[in-house]
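J.: Output the structure for:
(2 chains)
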Amino acid sequence: DTGVSQDPRHKITKRGQNVTFRCDPISEHNRLYWYRQTLGQGPEFLTYFQNEAQLEKSRLLSDRFSAERPKGSFSTLEIQRTEQGDSAMYLCASSSNGGEGNMFSGANVLTFGAGSRLTVL
Amino acid sequence: SQQGEEDPQALSIQEGENATMNCSYKTSINNLQWYRQNSGRGLVHLILIRSNEREKHSGRLRVTLDTSKKSSSLLITASRAADTASYFCATDPTSGTYKYIFGTGTRLKVLA
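T.: Below you'll find the predicted structure:
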């Protein structure tokens, strides 16, 4: 297992087109996260899955964004009708179930992929 | 939205010096982590500190956590040129959602 893989690494598209990114997490990790990062900023949470269930989605995500994780393995993030403001690095991360997340149990440590950079012209 | 704010935003030091960066956050947390990001690449986990811990060490890294002030600091001792990167704190809020909220980052430059 070589870590978290993301594809494509770079996508250039014209405004209005649809794009899809794929993330292959570490195989034994049941949690998968998508973040978006713009230049000079920290990663911004988009959504996360536990197995195949999408447990939370940021209010920042418009209806043009959708993510899936069929069978709890790889995940796809689709952006429909792209806008120039969608240009960013899209980061995927995975983690194992570290317990209940409270201070007395195990904790998530995120393993990130290299990211997929989207440029919307 | 960003949970954490790192300070300073940018830091430039000479090789061999220590680098200190601070993180402030807004809500109660289970734990806080620090990540490093080299230019144009993914983030790498450095160290985790739980809310019931006050200080933690890992190699040249020292992390402190003050939950009463909702702040953390990361100290890198004897810095090297290879430490040049952006450093982010990430918090796991006690709201139970398991999502990590990242700060705005400190861009560290270590001059050889």
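
J.: Now do stretch B:87-95: everything it contacts.
T.: A:42-43, A:101-102, A:107-108, A:110, B:3-4, B:6, B:21, B:23, B:25, B:27-37, B:43, B:46, B:51, B:72, B:74, B:98-106, B:108 (CB atoms under 8 Å, 6 or more residues apart in numbering or on different chains). C-beta here means a position set from N, CA and C on the backbone, and glycine is covered the same way.

J.: OK, contacts around residue A:22?
T.: A:6-7, A:74-76.

J.: Swap in 6 Å and give it another go.
T.: Counting by CB atoms under 6 Å, 6 or more residues apart in numbering or on different chains, residue A:22 touches A:7, A:76.

J.: How about the helix or strand encompassing it, which residues are buried there?
T.: Per DSSP states H and E, residue A:22 falls inside strand A:19-24. Using 16 or more other CB atoms under 10 Å in any protein chain shown as the test for burial, strand A:19-24 gives A:19, A:21, A:23-24.

J.: Can you pick out the ones from the contacts of stretch B:87-95 that are in strands?
T.: If you go by DSSP state E, these have B:6, B:21, B:23, B:29-37, B:43, B:46, B:72, B:74, B:101-102, B:106, B:108 in strands.

J.: now the strand holding residue A:22, how far from the centre of its chain.
T.: What separates the centre of strand A:19-24 from the centre of its chain is 8 Å, taken as CA atoms, centre = their mean, to the nearest Å.

J.: Next, see if stretch A:76-89 gets close to chain B.
T.: No - using CB under 6 Å from any CB of the partner chain, stretch A:76-89 never reaches chain B; the gap is at least 8.1 Å.

J.: distance between the ends of that stretch?
T.: 15 Å (CA to CA, to the nearest Å).

J.: who's the closest residue to residue A:8 other than its chain neighbours bridged to?
T.: Take residue A:8 and drop its neighbours on the chain: the residue closest to it by CB to CB, 6 or more residues apart in numbering or on different chains is residue A:116, 6.0 Å away. In this entry, residue A:116 is beta-bridged to residue A:90, by DSSP bridges.

J.: now swap in residue B:62 and tell me
T.: residue B:57, residue B:75.

J.: now do residue A:75
T.: residue A:23.

J.: That one and residue A:117: what is the separation?
T.: Applying CB to CB, to the nearest Å, the value for residue A:75 to residue A:117 is 18 Å.

J.: who has more neighbours, those two?
T.: residue A:75 (25 against 18; other CB atoms under 10 Å in any protein chain shown).

J.: wait, isn't that one in contact with residue A:54?
T.: No - the pair residue A:75 / residue A:54 is not scored as a contact, 9.4 Å apart, by CB atoms under 6 Å.

J.: got any residues that touch both of these two?
T.: Counting by CB under 6 Å, 6+ apart, nothing touches both residue A:75 and residue A:54.

J.: how about low-confidence regions in the chain?
T.: Defaulting to chain A. Segments of chain A classed as low confidence (criterion: pLDDT under 70) are A:1, A:97-107.

J.: not what I meant, chain B
T.: Checking chain B against pLDDT under 70 turns up B:1-4, B:96-97.

J.: Great, nothing more from me.
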